[in-house]
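**Q** Fold the stuff below for me.
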Amino acid sequence: MFQVTSFPGVAVCCFSTSSTNEHPEHGRLVYKGHLAKTVLGVKFFSYSTSIFNLFMLPQIMLKSGIGVDSLLLQAAFYGMIGFFTFVTPVTLHVLTKGYVIRLYYKDDMDTYTAITYNAILAEKVTVFHQKDVKIPDITKMFTTFYAKTKSMLVNPTHFPNPQDYNHLMGYDKHSYFKLEEVKETDERK
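**A** This next block holds a predicted model:
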């Protein structure tokens with residue numbers, strides 16, 4: 001603990017921690033997704049309601065009177081319940097599978113490790129090099145960049161250090177133009 005005097009007579013206490021956001025295997029933490037708990041909660045809720053529906057469907061059919069002899073009515077009812085039971089979790093997974101909950105960077109190897117959630121809500125590790133990052137030509141709703149072929153979603157404003165985002169996206173690479181090429185282009189106009 002140390003004290004810094006900010007105003008005459010007023011001391012401000014500051015605590016420092018030894019944690020540097022380093023992970024021994026993955027490297028330095030450069031990004032943390034603020035919606036990670038929300039994504040996990042929504043997916044868990046969707047999965048749990050789908051499982052509940054599967055267990056309750058036979059009871060509903062027996063007690064509700066839908067168990068009539070009409071095969072067409074039964075198929076329509078089962079189809080509607082099955083649609084919402086299976087399509088909602090699959091849709092949520094497709095939309096959120098690329099959401100990066102943590103992103104680590106190893107300076108010595110120039111590699112990134114992205115942590116996302118897989119279909120069974122476990123953390124999935126994707127390791128890629130900066131040269132594997134491709135920016136989509138057309139802006140996509142749930143894709144910031146592609147790491148190899150996997151789409152990834154990050155929020156650029158949540159990087160504590162903007163240089164980390166610039167390096168990830170390749171914006172820090174210098175574009176060298178030959179002065180002669182620029183002059184030739186100007187002369188053609």
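
**Q** C-terminal to the biggest helix by length in the chain, what's the next element?
**A** In the chain, taking DSSP state H as the definition, the longest helix is helix 36-64. Remark: after helix 36-64, the chain's next helix or strand is helix 71-96, criterion DSSP states H and E.

**Q** For that following helix, name the packing helices and strands.
**A** If you count contacts as 3 or more Cβ pairs under 8 Å, 6 or more residues apart in numbering; DSSP states H and E, helix 71-96 packs onto helix 36-64. Placement of C-beta: from N, CA and C, glycine included.

**Q** CA atoms of stretch 98-112 as CSV?
**A** This file holds the C-alpha atoms of stretch 98-112, laid out as CSV (Å, rounded to 0.1, in the frame of the first residue of the first chain):
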residue,chain,number,x,y,z
GLY,A,98,-17.6,-16.4,-32.2
TYR,A,99,-18.0,-14.0,-29.2
VAL,A,100,-14.5,-13.7,-27.7
ILE,A,101,-14.7,-13.8,-23.9
ARG,A,102,-10.9,-13.4,-23.4
LEU,A,103,-8.1,-12.7,-25.8
TYR,A,104,-4.4,-13.3,-24.9
TYR,A,105,-1.3,-12.3,-26.8
LYS,A,106,2.2,-13.8,-26.7
ASP,A,107,4.7,-11.2,-27.7
ASP,A,108,7.6,-13.6,-28.4
MET,A,109,5.6,-15.7,-30.8
ASP,A,110,3.2,-13.0,-32.1
THR,A,111,0.3,-15.4,-31.5
TYR,A,112,-3.2,-14.8,-30.1
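
**Q** Need the mean per-residue confidence for it.
**A** For stretch 98-112, mean pLDDT is 94.
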